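Asks: Based on what follows, work out the 3D shape:
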Amino acid sequence: MGRDMKKKLTKSNDKIFSGVFGGVAEYFDWDKTWTRIIGAILIVFPGNFFLGILIYIIAAAVMPEKDDTNHRKDDDDIIEGEFRE
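Replies: Sure, this is the predicted structure:
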């Protein structure tokens with residue numbers, strides 16, 4: 001990362017639901033699977049399930065999508081290499 005670039009907390013493109021836990025894992029450079037497991041446990045078990053779900057929904061609404069200009073979903077018009085006989 002260059003000196004000019006700031007690290008931003010954004011939703012992950014590698015999503016399960018909305019990309020919140022994946023984005024947190026990418027931001028802190030954690031394993032995504034463990035972050036999702038621990039996040040789900042923290043939502044379900046501490047006793048107030050609805051508060052955990054509410055916090056997750058707010059995070060999903062507030063966190064911006066990743067601005068990945070290098071990522072292309074439509075690769076049909078990309079030609080890689082040459083065809084030779």
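Asks: Let me know the secondary structure of the residue nearest to the spatial centre of the chain.
Replies: Nearest to the geometric centre of the chain sits Ser12, at 1.5 Å (Cα atoms, centre = their mean). Three-state secondary structure (criterion: DSSP: H, G, I helix; E, B strand; the rest coil) places Ser12 in coil.
Asks: Now it: closest residue in space, sequence neighbours ignored.
Replies: Nearest non-adjacent residue to Ser12, counting by Cβ to Cβ, 6 or more residues apart in numbering: Gly22, 2.9 Å away. To be clear about C-beta, it is placed using only N, CA and C from the backbone, and glycine gets the same treatment.
Asks: does the one you found really touch Lys15, like I thought?
Replies: Yes: checked against Cβ atoms under 8 Å, the pair Gly22 and Lys15 is within contact range at 6.1 Å.
Asks: what about the two, which has more around it?
Replies: Set side by side, Gly22 and Lys15 show unequal neighbour counts under other Cβ atoms under 10 Å, the larger going to Gly22 at 23 against 12.
Asks: before we move on, back to that, can you name the element that comes right after the helix or strand hosting the residue nearest to Ser12?
Replies: The secondary structure element spanning Gly22 is helix 20-28 (assigned by DSSP states H and E). The element immediately downstream of helix 20-28 (helix or strand, assigned by DSSP H and E) is helix 32-44.
Asks: What residues of that following helix count as buried?
Replies: For helix 32-44, the neighbour count (16 or more other Cβ atoms under 10 Å) marks 32, 35-36, 39, 43 as buried.
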